[in-house]
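K.L.:
Sequence plus the predicted model coming up.
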Amino acid sequence: MGKVLTLIVQRLGLGLITLIAVSLIIFLGVELLPGDIATEILGKDAQPATVEAFRKELGLDKPPVTRYIQWVGATLSGDFGNSFANGRPISDLIGFRLQNTLFLALMTAAISVPLSLIAGVLAALYRNSFYDRAINIFTLTSISFPEFFIAYILIIVFGQQLGWFPTLSNVSAEMPFSQKLYLCALPALTMTLAVFAHMMRMTRAAILNLLASPYIEMANLKGLERSRIVTKHALPNAWAPIANVVALNMAYLVVSVVVVEVVFVFPGLGQLMVDSVIVRDVPVVQACSMIFAATYILMNLTADIISIVTNPRLLHPR
Amino acid sequence: MSNQTPDEPVRSSDAVAIPVIERVWWREAWKELKKAQWTAKLGVVIILSYVFVAVFAPILTPYGESQIVGDAFEPWGDPYLLGTDNLGRDMLTRLIYGARNTLGIAFVTTILAFVVGGGLGLTAATLRGWTDQGLSRIVDVFMAIPVLIFALVLIAIFGSTVQNLIIIIALLDSTRVFRLTRAVGMNVAVMDFVEAAKLRGEGLSWIMLREVLPNILPPLVVEFGLRFCFVFLLIATLSFLGVGVQPPTADWGSMVRDNATLITYGDITPLLPAGAIALLTVGVNFVVDWFLQKTSGLHDDH
C-alpha cells in the first residue's frame, strides 16, 4: 500500500503545483498587455489623471510579485476584491451563483452518469444489434453539435411544441427544491447530452475490451448467459476505466455549464463570467476562471487518483 | 529530387512527369472515395459545398453583408428567402457570408495552431532533453485550464478583435497539436535514418522538416480535421456568447445569439446558422473517420 500512497501524494503535489502555475498565468496574463489594464480599459484618450487614479485603485503601482502574493492571500481567505463594473465585492456576486452552478452540475451528474452507464452496458450486451448501431450514430452526431444548438433544439421540442418544461431557468434562492429541479430540467438535459456520448462509448469500449480476454471465453465455454457474463464477470473489471472517464466528464461539465447558463439565462457562475468578459471586468473574470480552473484540476486529479487506486498495474508498478 | 544526369531530355521528361503524378494522385483519391462508405462521400460533398459557398459568397448573395434591406424579423418569403434578422438584414445573405467569415477564421486559426504547435512539437521531439522538458511542462500547465475558460480570460484581457481571437485560440489549440506532434515525432526521431542524417551533418530544420515530418504526416492530417472542428466550434461558441466575432461581421455563432428571441415564438430561423455549424462538423468527422480507418487499418470492432 505504501507505493500507492506515495503515488497519490505525488499526484496531489503535482495538482498543487499546477494550481499555483495556473493562478500565476491567470493573474499575470494582464502583465502581457503593452500598456496595462487601466489604459486598455479606459481607452487611449483617457485623461492621465483618471488613468493614474484607476491604476492606484487597482494597485497597479505596486510591483507584480507583491500584487500576486496579495491576490493569492486574499483569494484564499475568500476575498476576491471588488468588481470594476459596479464596485461590489466579488465574493457577494459569486456566492449565490456558485451554489446555483453546483446545483445544476450535480443534477446533471445525477442524470447523466447512471443513464450513460446503463446505455453503455446495454450496447455492449447487445453488440451490433439495431440498438447498438442506433445509439452509436446518435452519440456520434450529438458530439458534433455545438451545445447551444442542442439547447435550442430542446427548447423548441420540449419548451415550445410540447410545453413540458420552462425555457428560462431563472432560479432564485428562496425557491423550493422541487421548483428548482423543474426549472433546471432543460439545462440539465442539454449538459447530459453533451457528456453522455463520451461516457457511454467508453463504458461500451471498456467492457468490449474485456470480452476478448481468456477468462471471459472460459465463462462463455461454461455456457453462461451473455447478460451474466457482461454484468457479473466483465463489468467489475471495467469499473476503473469507467470511473476515470466519469470523472473526466464531470470536469468537462465545468466548460459546458458556461454556454448552457447563457442560453437558459440561468443565474450561475458561467453567466457571470461571460457578462464580465463582455464588459472586460477583469477581477471578476479572474475570480471566476480561478474557480473553474480549480474545479477542473480537482476533477482531473480525482480521475488520476481513481485510476491509480483501481488499477493493479499501477498498484504494483514494475 | 536532384538528378544525377543534367542533360536536357531527362529534365523535360521530369517536367512532364509531375503533372502525370498529380493526375494519378487525384484519380487515386477519386477511386478511394468511390469505394468509401456513404458517410465519407456525404462528408466530402458537405465540405466541398461549404468551400464553394465560402469562396463565391459575393456572387451567390442577393444583398450586401451588412446591408439593411427591410424591417426586422420579416418572415420567410419572396424577397427575403429566409426572412430578415433582428436589424432587418437578409438572413440568407448573412448565412452565406457567415460561411466565409466563420470558415475563414477557423481555417487561419487552425493553420497557425499547426505551425506553432507542430513546429515546437517537432523541435521537442528532435532535440529532446531540456528543450523537450521545458516545453512539455509549459504545455502541461496550459492544458490544465479548460480551453473555453482560458479563452474567455484572455479575451477579457486583450479585447475581442478578429486578430486577437485568431492568435488566442491558435495558441491555446497549439498545445494540443504540440502534444500529438511530439508524441508521434518521438517515435520517428529515434530511427536510424534520422541518426544518419544527424551524422551527415544536416541542420535541425532539415531533420525536422525533411526526415521526421513526412513520416508523421498521416496522423497530423487527421488531427488537422479534428482540430479544425474544435476551433470552429470554439469560435462559434465564443461568438454565441457575445465575446467572439463582433458585429457587423456576419458569423454563425453571433447570428444565433442575435436572433435567439425568435425561438421563443417557435420560429426555427435562428437554428439555421447553428445547423450549418453542426452539419459541417458532422461532415468533417465523417471524413476524418474514413481517413482514420484507411490509414490505420482500424475497423469499427469496438
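P.N.:
Yep, that arrived. Residues are numbered from 1 along each chain as shown, chains lettered A, B, ... in the order given.

K.L.:
what about the helices in the stretch 51-200 of chain A?
P.N.:
Secondary structure of the stretch 51-200 of chain A by DSSP state H, counting those that start in this stretch: the helices cover A:64-76, A:90-125, A:130-144, A:147-154, A:177-183, A:185-211.

K.L.:
got the buried residues for the longest one?
P.N.:
Neighbour-count burial for helix A:90-125, with 16 or more other C-beta atoms under 10 Å in any protein chain shown as criterion, is recorded at A:90-91, A:93-94, A:96-98, A:100-101, A:103-105, A:107-109, A:111-113, A:116-117, A:119-125. Placement of C-beta: from N, CA and C, glycine included.

K.L.:
roughly how far apart are the spatially most central residue of chain B and chain A?
P.N.:
Centroid check for chain B by C-alpha atoms, centre = their mean gives B:Phe228 as the closest residue, at 2.9 Å. Look at B:Phe228 and chain A: by C-beta to the nearest C-beta, to the nearest Å, they are 12 Å apart.

K.L.:
okay, stretch A:156-166 in PDB with CA atoms only?
P.N.:
Provided in PDB are the C-alpha atoms of stretch A:156-166 (Å, rounded to 0.1, in the frame of the first residue of the first chain):
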ATOM      1  CA  ILE A 156     -38.200  24.100 -29.400                       C
ATOM      2  CA  VAL A 157     -39.200  20.500 -28.800                       C
ATOM      3  CA  PHE A 158     -39.800  20.400 -25.100                       C
ATOM      4  CA  GLY A 159     -40.400  24.000 -24.300                       C
ATOM      5  CA  GLN A 160     -42.300  25.200 -27.400                       C
ATOM      6  CA  GLN A 161     -44.000  22.200 -29.000                       C
ATOM      7  CA  LEU A 162     -44.700  20.000 -26.100                       C
ATOM      8  CA  GLY A 163     -44.700  22.700 -23.400                       C
ATOM      9  CA  TRP A 164     -43.400  20.400 -20.700                       C
ATOM     10  CA  PHE A 165     -40.600  22.500 -19.300                       C
ATOM     11  CA  PRO A 166     -39.900  26.200 -18.900                       C
END
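
K.L.:
any bit of that stretch sitting next to chain B?
P.N.:
Yes - for stretch A:156-166 and chain B, the contact criterion (C-beta under 8 Å from any C-beta of the partner chain) is met by A:Ile156, A:Gln160, A:Gln161.

K.L.:
Spatially nearest residue to the residue nearest to the centre of chain B (excluding sequence neighbours)?
P.N.:
B:Thr110 (4.6 Å; C-beta to C-beta, 6 or more residues apart in numbering or on different chains).

K.L.:
Pass me the low-pLDDT residue ranges in chain B, would you?
P.N.:
For chain B, the stretches with pLDDT under 70 are B:1-24, B:66, B:68-70, B:72-74, B:79-82, B:295-302.

K.L.:
what about the longest helix in it?
P.N.:
helix B:91-127 (DSSP state H).

K.L.:
Return the distance of that one from the chain's centre.
P.N.:
5 Å (C-alpha atoms, centre = their mean, to the nearest Å).

K.L.:
Filter the residues of stretch A:156-166 next to chain B down to the buried ones.
P.N.:
A:Ile156, A:Gln160.

K.L.:
which one of the residues of stretch A:156-166 next to chain B is nearest chain B?
P.N.:
The shortest approach to chain B among the residues of stretch A:156-166 next to chain B belongs to A:Gln160, at 4.7 Å (C-beta to the nearest C-beta).

K.L.:
what's the burial count for the residue nearest to that closest one when sequence neighbours are not counted?
P.N.:
Spatially, and ignoring its direct neighbours in sequence, A:Gln160 is nearest to B:Gly266 (4.7 Å; C-beta to C-beta, 6+ apart). Look at B:Gly266: counted by other C-beta atoms under 10 Å in any protein chain shown, it has 11 neighbours.
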